Every structure is written in structure tokens, then in C-alpha cells.
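Engineer: could you work out the structure for the sequence below:
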Amino acid sequence: MKAILVASNNQSACQAIKASLRREYTVEVTSEKDRALEMFKRKRYEFLFLDVEILRESTPDNNLKTALQPFWQVYPTAQIIVMSSQGKIREAVMAVKAGASDYLTYPVEPDEVRYLTESAYESLVMESELDYLRDRFWEGGSIDVVRTQSPLMQGVFNKIRSVAPTKSTVLLVGETGTGKGVLAGLIHQHSNRRDGPFIAVHCGAIPDTLIESELFGHEKGAFTGAVRRKLGKFEIAQGGTMFLDEIATITPTAQIKLLQVLQDGTFHRVGGEETLEANVRVVAATNMDLQQLCDQGQFRRDLYYRLNVFPVDIPPLKERAEDIPHLVDVILRKLNKFHSKEIHGIDSRVLDAFGAYAWPGNIRELENLLERAYIIEAASILGPESFPSDILQDGTSIPLQSLPTTHTLAEARRRGVEEIERSYLKGLLTTKGGRIKDTAEAAGITTRQLHKLMKKHGLRKEEFKAIPPQDHFSELQVPK
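Structural biologist: Numbering: from 1, shown residues only. Below you'll find the predicted structure:
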């Protein structure tokens, strides 16, 4: 029989859930978050009914997403339903926004419990079927790339799923930093040429005088300095895919030769007479309006038509802000893999600021910001102080700016004090190299009080011992 876990101090709610679901599920109860997690690790539960107050226990910065993650790490498809009093509905809604399936308010009604569980289970079955169908097409290593909450990106991936198995030329259009190279690799990986080479050429990085030689090769003596025959990228890519990034920058002569490749499937090396076959699929990318360049006479219209067989418009990051939390998770996992740190989350207020930021550099800018913050951060969560102030709205600080006006003054004060407290402790622990006694003395508190505060804010002394003692507010010192 399937199992349900209830974590709540509200006895009447526990009894109501048991009475509602005892025919279909075994229902177990606990009143502690740590105990709930231990039970979760030992047994598979289909549903977790979790009191929002218990969820917030020992959670730094009241980050509800961070509080939910340990349960998802054990059982990723677990359906978590948050329970709260009428006065805590706002926090319950925030938990749903952080990823919980739904919420209930006290007193719990048996009919509502049955309705929520049935609806959640039906959604889980439907999602599992869709995931199965998607996964049958997407390779395992592509799952992180194609996971999206954005309708615009879902349309992009649907197009890629359709065109990847074909031989058609693809034109990727999007701003710099939107991931055109990643999508080109995705097309190759899911094509019938996946066993052939994938050759990427950044056309804008090659001097005009060398672009033809780079793409098509040259014969010995074709020009000054051509001391031997050189194979071009189109020869090297035989049987595979050629990705031409920034295609708008190639010279008129190279445009003519590329048109011959797309039109006839043949080309000549520079200075050569032999006709070579190009068994290559072309994926091109641009951040410019090729139609406009054609109107201005800067790009061949016949080449544009050959490239534009299957255009895919990639939205900028600001138009797919709902994907930012997932992108952050993917980037942090990559950073953890290549560095000795273990940072598992980001402050919810930073995510709020990310959602309001314009992202002129798109995903590439997000990667650079996170890597910089990752290097600076000493705790297990990326905090506001690790990011530049110009990322925040109006250049103000996150703690003050991101407090919703729906909060009472008392709640706003409490959150402000907690942020100042956490930032102060991080700075002091960094200065003292993680030494508890020295830090407590400098703060004017006991070591017991310091341990309690560190637990509250998710700080561990080991995270600061590797950092040379220095002034927290001075610039980072680069080792010689």
C-alpha cells in the first residue's frame, strides 16, 4: 500500500488526513522536520503533508526552496503539500512558488484532502507519461538543457526535436549569450550524424583574409605563406555537422563558396581545381537581422534563403525569467563539480532581483555572475553580498529593496535584522579564519550563542578556515 507522511503539531489535522486516506494509503505522523527527513530516507512516501512552521525550522534566510530541497533530493517526484494557519497563508503560497504542489489551511477538511491528493496524483501520472515520451527522444545528458518552464523555450525545443533527425539546414537567431552553440550541439547530438564530427567555427573571430582557407582549406603555394596543403573545416566535418557561428560576418567571396556548398554540395580548396564533395549538415547562427543586411546589400539574398530553411528564434533570458532558478541550479552543480566548495543554493531575495534584471548578456552574463559570487561566497548559500549592487533594482541593497510591502513593520524589521546579523557573522568569521573563540570574543557573545546563530544562518566554521584572515570589506587578495 502507498504511504503518506504528515509532519505537523496539529493533532486534529493529522487525524483528519488519516481518516480521509486510510483506505488507500498508510499514514504516518511526526512533529519534527529532521525526523520527517529521516523517515523520508528510509521509506518512499507518495505525499508529504508538511506544516509551514516546521518547514521553516533551521532554515537560513527563510529560504523555503532550500528547506524543500532535502526531500526532493531523496525522492524528486514527491508531492509536498504545505499546511498553515489562516494567518500564515502568505508563507504557504510562497512555499508553492518554491515548488510545493499545493497548500491546505487549518482546520483541515477531509474532502479537500482527498481532492488535493487525487489531483496531485493525476498530475504526477500525466507528467511522468510526458517525461517518458520526451526522454525517449532526448539523450540522457540533454535533460538538464531541455528542462524549461518557459512556453517560448518549449516552442524552441519542440522545433529542435522536429528538425534534428532531418538533413535540413538550420538558422539559429538570437542575442549574444542565449546559448546558440549549446542548441547547435543539441541538434547534432540528436541527428543521424551524431557519430560524425561536430565542428564549430566562430566566423567573426577569423580574419577576413583567412576565412576561406579556414572553411575550405588551401593548396600548397595558393598564397604567400601556404607552404603545405591544409584541409578546411568542411573536409574535417565530413559525415557530421558544421556549426557556423556569427555567419553574418563572412566575406562576400566566402559567401559565394558557402552558397555552392549549400546548393550543390561541392567546394574547392583555395588555389585548387579538384571538386570536393561536402557531406556536411550546416547549422548557422547569428545575432543580426540577415534580412536587413540583404536589403542593405551586405549579405547575399540567395545565401540567406539557403540558410533560412528552418529558422529557430531563441528568446533572450529576460523573456524566459521563469527558467532562471533552474539555470542557477545547473550552473551551481557545474561549479561544485570543478571546485572544492559545496554551494547548494541561492538566497531567495537574489532570485527575486534576478527576475527583475534585464540581462543584457543573457545566460553568459548569468554564468559569469554566479562564478564570481561562487568564488567570493564563504557559506553554503550564495548571499546578497556576493553580487554587485548594479544587479539589484535601482542599485539599492537587496535586503531593503526586496521586502514586500505586504509585510507588517515588525516582519520587515525582523528580516532586516536577520540579514544584517548574517552578513556581520560572515564578515567576522572570514576575518577570524573560522576560529569560534576569537569570533565570539570579537562579537561580544559566548561561543554557545555564536554556535546557535551560525546554525540559524546556515554557517559552518569549516567554510571559513580555508580563507586567509583578512578584512571582509577589503578587496580579495590574489596569491602571488
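Engineer: where does the stretch 301-450 of the chain dip in pLDDT?
Structural biologist: 392-407, 410-415 (pLDDT under 70).
Engineer: where do the helices sit along it?
Structural biologist: Assigned by DSSP state H, counting those that start in this stretch, the stretch 301-450 of the chain shows helices spanning 301-307, 324-338, 348-356, 362-376, 398-401, 409-431, 436-443, 447-456.
Engineer: which one of those helices lies closest to Ser31?
Structural biologist: Closest to Ser31 of the helices of the stretch 301-450 of the chain, according to Cβ to Cβ: helix 447-456, at 19.7 Å. In short, each C-beta sits where N, CA and C put it, glycine included.
Engineer: name the residues of the closest one that come out as buried.
Structural biologist: Across helix 447-456, burial judged by 16 or more other Cβ atoms under 10 Å covers Leu450, Leu453, Met454, Lys456.
Engineer: got the CA coordinates for it in PDB?
Structural biologist: The C-alpha coordinates for helix 447-456 follow below in PDB (Å, rounded to 0.1, in the frame of the first residue of the first chain):
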ATOM      1  CA  THR A 447      30.700  30.600  22.000                       C
ATOM      2  CA  ARG A 448      27.400  28.900  22.700                       C
ATOM      3  CA  GLN A 449      25.500  31.900  21.400                       C
ATOM      4  CA  LEU A 450      27.700  32.000  18.300                       C
ATOM      5  CA  HIS A 451      27.100  28.400  17.600                       C
ATOM      6  CA  LYS A 452      23.300  29.000  17.900                       C
ATOM      7  CA  LEU A 453      23.500  32.000  15.500                       C
ATOM      8  CA  MET A 454      25.600  30.000  13.000                       C
ATOM      9  CA  LYS A 455      23.100  27.200  12.900                       C
ATOM     10  CA  LYS A 456      20.300  29.700  12.400                       C
END
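Engineer: orientation of that helix relative to helix 436-443 in degrees?
Structural biologist: Between helix 447-456 and helix 436-443, the angle comes out at 100 degrees (axes from the mean of the first three to the mean of the last three Cα atoms, to 10 degrees).
Engineer: how many neighbours does Ile391 have?
Structural biologist: 18 (other Cβ atoms under 10 Å).
Engineer: show me the contacts for it.
Structural biologist: Ala353, Phe354, Tyr357, Leu369 (Cβ atoms under 8 Å, 6 or more residues apart in numbering).
Engineer: buried stuff in stretch 312-326?
Structural biologist: In stretch 312-326, counting by 16+ other Cβ under 10 Å, buried: Val312, Ile314, Pro315, Pro316, Leu317, Arg320, Ala321, Asp323, Ile324, Pro325.
Engineer: beyond the host helix or strand of Ile199, next helix or strand please.
Structural biologist: Here Ile199, judged by DSSP states H and E, is contained in strand 198-202. Helices and strands here follow DSSP H and E; after strand 198-202, the next one along the chain is helix 211-216.
Engineer: pLDDT on that next one, on average?
Structural biologist: The pLDDT scores in helix 211-216 average 92.
Engineer: hang on, the earlier thing: can you list the contacts of Ile391 in a markdown table and add neighbour count and distance to Arg35?
Structural biologist: Listed next are the contacts of Ile391 as a markdown table, based on neighbours: other Cβ atoms under 10 Å; distance: Cβ to Cβ, whole Å:
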| residue | neighbour count | distance to Arg35 |
| --- | --- | --- |
| Ala353 | 19 | 35 |
| Phe354 | 22 | 34 |
| Tyr357 | 19 | 40 |
| Leu369 | 22 | 38 |
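Engineer: doesn't Arg44 belong to a helix?
Structural biologist: No: read with DSSP: H, G, I helix; E, B strand; the rest coil, Arg44 is coil and lies in no helix.
Engineer: counting neighbours, what do you get for it?
Structural biologist: Quick note: Arg44 (other Cβ under 10 Å) scores 12 neighbours.
Engineer: same question, the one 5 residues further on
Structural biologist: Residues contacting Phe49 under the criterion other Cβ under 10 Å number 27.
Engineer: which residue, other than its chain neighbours, is closest to it?
Structural biologist: Val6 (4.5 Å; Cβ to Cβ, 6 or more residues apart in numbering).
Engineer: one more: Tyr106?
Structural biologist: Ser85 (5.2 Å).
Engineer: now do the same for Arg269: its pLDDT.
Structural biologist: For Arg269, the predicted pLDDT is 92.
Engineer: for the nearest residue to it once chain neighbours are set aside, list each beta-bridge partner.
Structural biologist: Nearest in space to Arg269, with sequence neighbours left out and distances taken as Cβ to Cβ, 6+ apart, is Gly217 at 4.2 Å. Counting by DSSP bridges, Gly217 forms beta bridges with Leu231.
Engineer: isn't Gly217 right next to Ala226, touching?
Structural biologist: No: under the criterion of Cβ atoms under 8 Å, Gly217 is not in contact with Ala226, lying 10.2 Å apart.
Engineer: okay, buried residues for stretch 266-278 please.
Structural biologist: Phe267, His268, Arg269, Val270, Gly272, Leu276, Ala278.
Engineer: output it as CSV, nothing but the C-alphas.
Structural biologist: Extracted in CSV, the C-alpha atoms of stretch 266-278 (Å, rounded to 0.1, in the frame of the first residue of the first chain):
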residue,chain,number,x,y,z
THR,A,266,30.6,20.8,-53.5
PHE,A,267,33.6,23.1,-52.9
HIS,A,268,37.2,23.8,-54.0
ARG,A,269,40.2,24.4,-51.8
VAL,A,270,41.7,27.9,-52.2
GLY,A,271,44.1,27.6,-55.2
GLY,A,272,42.9,24.1,-56.1
GLU,A,273,41.0,22.8,-59.1
GLU,A,274,39.7,19.5,-57.6
THR,A,275,36.0,19.4,-56.9
LEU,A,276,35.3,18.1,-53.4
GLU,A,277,32.0,16.8,-52.0
ALA,A,278,30.7,18.3,-48.8
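Engineer: excluding its backbone neighbours, what's nearest Phe198?
Structural biologist: His188 (4.5 Å).
Engineer: secondary structure element holding the one you found?
Structural biologist: helix 180-189.
Engineer: check which helices and strands that helix sits against.
Structural biologist: Other elements packing on helix 180-189 under the criterion 3 or more Cβ pairs under 8 Å, 6 or more residues apart in numbering; DSSP states H and E are helix 143-146, helix 151-163, strand 170-173, strand 198-202, strand 241-245, strand 281-286.
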